[in-house]
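>>> Show me the folded form of this:
(2 chains)
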Amino acid sequence: MKIWSSEHVFGHPWDTVIKAAMRKYPNPMNPCVVGVDVLDRSLDNRGRLHSHRLLSTEWGLPALVKAVLGTNRTLTYIKEHSVVDPVGKKMELCSTNITLTNLVSVNERLVYTPHPDNPEMTVLTHEAVITVKGFSLGSYLESLMANTISSNARKGRDALEWVISRLNTEFEELVAPP
Amino acid sequence: MNSVGEACTDMKREYDQCFNRWFAEKFLKGDGSGDPCTDLFKRYQQCVQKAIKEKEIPIEGLEFMGHSKDKSESS
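This next block holds a predicted model:
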């Protein structure tokens, strides 16, 4: 089992980051995410919005890897549950793979909160637990996967910055004087 | 962005547009009442559930999720 965690600060207020996080895909940094669907969405009795989403990802695995994994399936699926508290200003997102579970399990948790010292900034804490199953090279593969998660996390943050700047451009075009 | 079910993509985009507007202009500003997207979501959700069953994607408790959505709407 491998645990990976990181903390990142966005130079944008919490509302801006959360709007972008809900519209993260598609983006050029995460081309592997090819489908996003909302399975369920509801408000709880504390006014928090719960969303259950299904992400379809296409890794484009090389033929050799496919042969080792013993699968022709290259589409993998991830289940995601997010909770947005607009009053407490906290968004928590948990995701786990629901395919290839006999081989590996990747559980991620992302929490977005306003920076305690500066309300114009937002803190993201990101944790992942990776478990490779029944494999003697388990810990080596887990380290490899942690590196992949780290690099994907960087791409994910770049993706949010990209979405934020697009949303700002759309807004500027809307309010531009004729 | 596409849907897992090819037939659902247009419904998904229509729902997403409605939701994103409500989320940014109402929900985040503290007004979580009156979700205007429920009808769009019902149609889209039915399409997605069908696609998930057809593709045998292992989502547990899908029917249960449908029920909990109805409960929160009525409360």
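>>> Can you find the helix or strand in chain B with the smallest mean pLDDT?
In chain B, no helix or strand scores lower on mean pLDDT, DSSP states H and E than helix B:62-74, which sits at a mean of 41.
>>> what kind of secondary structure is the residue nearest to the spatial centre of chain B in?
What sits nearest the mean C-alpha location of chain B, by C-alpha atoms, centre = their mean, is residue B:41, with 4.0 Å. Three-state call for residue B:41 (DSSP: H, G, I helix; E, B strand; the rest coil): helix.
>>> Read off the pLDDT value for it.
pLDDT recorded at residue B:41 is 95.
>>> List the contacts of the closest residue to it other than its chain neighbours.
Distances taken as C-beta to C-beta, 6 or more residues apart in numbering or on different chains put residue B:15 closest to residue B:41, at 5.5 Å, once the chain neighbours are dropped. C-beta here means a position set from N, CA and C on the backbone, and glycine is covered the same way. Going by C-beta atoms under 8 Å, 6 or more residues apart in numbering or on different chains, residue B:15 touches A:38, B:37, B:40, B:41, B:44.
>>> Looks to me like residue B:15 is in a strand.
No: using three-state DSSP, the secondary structure at residue B:15 is helix, not a strand.
>>> so where does residue B:4 fall, helix or strand?
Remark: residue B:4 resides in no helix or strand, with elements defined by DSSP states H and E.
>>> count of residues packed around it?
Residue crowding around residue B:4 was assessed by other C-beta atoms under 10 Å in any protein chain shown; the count is 24.
>>> In this structure it contacts residue A:35, no?
Yes: counting by C-beta atoms under 8 Å, residue B:4 sits close enough to residue A:35 to count as a contact (4.9 Å).
>>> Now for those two: what residues contact both?
The contact lists of residue B:4 and residue A:35 share A:54, A:56, where a contact means C-beta under 8 Å, 6+ apart.
>>> Low-confidence stretches in chain B?
B:61-75 (pLDDT under 70).
>>> which stretches of chain A aren't confidently modelled?
In chain A (pLDDT under 70), the answer is A:2, A:60-66, A:69-73, A:134-138.
>>> For it, just list every one of the strands.
For chain A, the strands defined by DSSP state E cover A:2-10, A:33-43, A:49-58, A:75-85, A:90-97, A:104-114, A:122-132.
>>> okay, the ones you listed in CSV with mean neighbour count and distance to residue A:166 next?
CSV is the format used below for the strands of chain A (neighbours: other C-beta atoms under 10 Å in any protein chain shown; distance: least, C-beta to C-beta, whole Å):
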stretch, mean neighbour count, distance to residue A:166
strand A:2-10, 15, 15
strand A:33-43, 20, 16
strand A:49-58, 19, 20
strand A:75-85, 18, 20
strand A:90-97, 18, 19
strand A:104-114, 18, 19
strand A:122-132, 19, 18
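>>> related to what we said a few turns ago, isn't the residue nearest to the centre of chain B right next to residue A:38, touching?
Yes: proximity of residue B:41 to residue A:38 meets the contact threshold set by C-beta under 8 Å, at 7.4 Å.
>>> joint contacts of the two?
Residues touching both residue B:41 and residue A:38 (C-beta under 8 Å, 6+ apart) are B:15, B:19.
>>> What distance do you get for residue A:98 to chain B?
According to C-beta to the nearest C-beta, to the nearest Å, residue A:98 stands 5 Å off from chain B.
>>> For that residue, which residues are in contact?
Contacts of residue A:98 (C-beta under 8 Å, 6+ apart): A:77, A:78, A:79, B:57, B:58, B:59.
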